[in-house]
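> could you work out the structure for the sequence below:
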Amino acid sequence: MRATVVAQSKGRAVLEFPEQNWGGDITLLVSSLLAGEWADSAAFARCRLVELELPVGLLPGPAFAAPDEVLVGAIVKPSLGLSPQEVASTAAALAAGGADLIKDDELLGDPVWCPLEERVRAVAAVLPDGVRYAANVTGPVESLLPRARRAVELGASAVMVNAFAQGLDSLRALREAELGVPIFAHRVGAALWVRGSAVGVAPHLIAGLTRLCGADFVQVGSFTGSVYDTPEDVLAQIDACQRDLGVARAVAVIGGGVGPRNAAEQVRAAGTASGLMVLLGSAAYEYGSPEEAVRSTVESIRPNNAAESA
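Take a look at the predicted model:
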């Protein structure tokens, strides 16, 4: 039951816990290790969890392996206030520019003025084959899986969940429901775990655990400076999405201040052109038109393809 200290040096300790304490119960594992009483204890002025190694096979990992290319994603904006038909019209423009994936904002769930089912129907009706729409299925926990299944039935080709607001086990539940579509994990709420330098959790650990729980798309911040991640943090999170953890790779989603003017720079800073997505948010609506913004982004990160098309 108890942990064993297997190493300690220069203020860092390595502890080993019996696997049978939690097995694959991610909620209790989080309660014990990521958000456990160690963070509550007055005995610690500084304590930070910097790595977590889990037995292979404990958690399912992604269902869809990351492709060996850079994808372009875009968020429908504004986050609130659009009708289903307005969401669909915006999604169609983003798709016309060449977006690989279009997703709901994390603030948009199932409001009366833009119901999830009506929104999915409207968007699915206008998107061409090959462009995924990630509908936000975040909401009441008792109806999460029926809501996700219904969204897929109506044409959603991906689902998104606010993984840290809904709970990390929501990723495992969606993954094991075998919906047949990839899962996009929004990281809203994770900052409250990772931004504290004295007490908290390392960002790359969060990214790796999100992948292990079943996310196919994992947010890793950006190199723009508009979000809290340092360049070193972003690189470590990309690595957590791609290194060998005994499961499929996840797509590392670079987002936060990313647009057509700096997307190529973000890819260069990542140091790899495999298994990445650059995600356009507000910047796609400050550059001519959303369609032009996506097209310029695609051309900037795939210049060879653009030349062949010309």
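> from the chain's centroid, how far away is stretch 188-207?
Centre-to-centre, stretch 188-207 and its host chain are 15 Å apart (C-alpha atoms, centre = their mean, to the nearest Å).
> so which bits of it are buried?
By 16 or more other C-beta atoms under 10 Å, the buried positions in stretch 188-207 come out as 188, 190-191, 193-194, 199-207. C-betas here are computed from N, CA, C, even on glycine.
> cool, and stretch 232-251?
Using 16+ other C-beta under 10 Å as the burial criterion, the residues of stretch 232-251 that qualify are 233-242, 245, 247, 249-251.
> then stretch 170-180?
By 16+ other C-beta under 10 Å, the buried positions in stretch 170-180 come out as 170-175, 177, 179.
> next one: stretch 284-301
Judged by neighbour count using 16+ other C-beta under 10 Å, the buried positions of stretch 284-301 are 284-285, 287, 290-291, 293-301.
> for stretch 11-25, same thing?
Neighbour-count burial for stretch 11-25 flags 22, 24 (criterion: 16+ other C-beta under 10 Å).
> one more: stretch 124-140?
Of all the residues in stretch 124-140, those buried under the rule 16+ other C-beta under 10 Å are 124, 126-127, 131-139.
> all helices of the stretch 151-300 of the chain, in order?
163-166, 169-176, 191-194, 203-213, 231-242, 263-270, 290-301 (DSSP state H, counting those that start in this stretch).
> need the CA coordinates for the fourth one. PDB is fine.
What follows is the C-alpha trace of helix 203-213 in PDB, where atoms were taken according to Å, rounded to 0.1, in the frame of the first residue of the first chain:
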ATOM      1  CA  PRO A 203       3.300  20.600 -18.000                       C
ATOM      2  CA  HIS A 204       4.800  17.700 -20.000                       C
ATOM      3  CA  LEU A 205       3.400  15.300 -17.400                       C
ATOM      4  CA  ILE A 206      -0.100  16.700 -18.000                       C
ATOM      5  CA  ALA A 207       0.300  16.300 -21.800                       C
ATOM      6  CA  GLY A 208       1.500  12.800 -21.500                       C
ATOM      7  CA  LEU A 209      -1.300  11.700 -19.200                       C
ATOM      8  CA  THR A 210      -3.800  13.300 -21.500                       C
ATOM      9  CA  ARG A 211      -2.500  11.200 -24.300                       C
ATOM     10  CA  LEU A 212      -2.400   8.000 -22.200                       C
ATOM     11  CA  CYS A 213      -6.100   8.600 -21.200                       C
END
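> angle of that helix against helix 169-176?
Using axes from the mean of the first three to the mean of the last three C-alpha atoms, to 10 degrees, the direction of helix 203-213 lies 40 degrees away from that of helix 169-176.
> between helix 203-213 and helix 231-242, how many degrees?
Counting by the same axes, to 10 degrees, helix 203-213 lies at 20 degrees to helix 231-242.
> residue contacts, the nearest residue to Leu179 once chain neighbours are set aside?
Nearest residue to Leu179 in three dimensions, chain neighbours excluded: Val152, at 5.2 Å (C-beta to C-beta, 6 or more residues apart in numbering). Applying C-beta atoms under 8 Å, 6 or more residues apart in numbering to Val152 gives the contacts 159, 179-181.
> okay, Val152 and Val137: tell me how far apart.
Counting by C-beta to C-beta, to the nearest Å, the separation of Val152 from Val137 is 9 Å.
> go on, Val50?
Note on Val50: its distance to Val137, by C-beta to C-beta, is 32 Å.
> ok, and what's touching stretch 88-95?
With contacts defined as C-beta under 8 Å, 6+ apart, stretch 88-95 is touched by 74, 76-77, 82, 102, 119, 122-123, 125-128, 131, 133, 284, 289-291, 294.
> same check, this time on stretch 256-267
Contact partners of stretch 256-267, identified using C-beta under 8 Å, 6+ apart, comprise 70, 72, 221-227, 229, 254, 273, 276, 278-281, 283-284, 286-287, 292-294, 296-297, 300-301.
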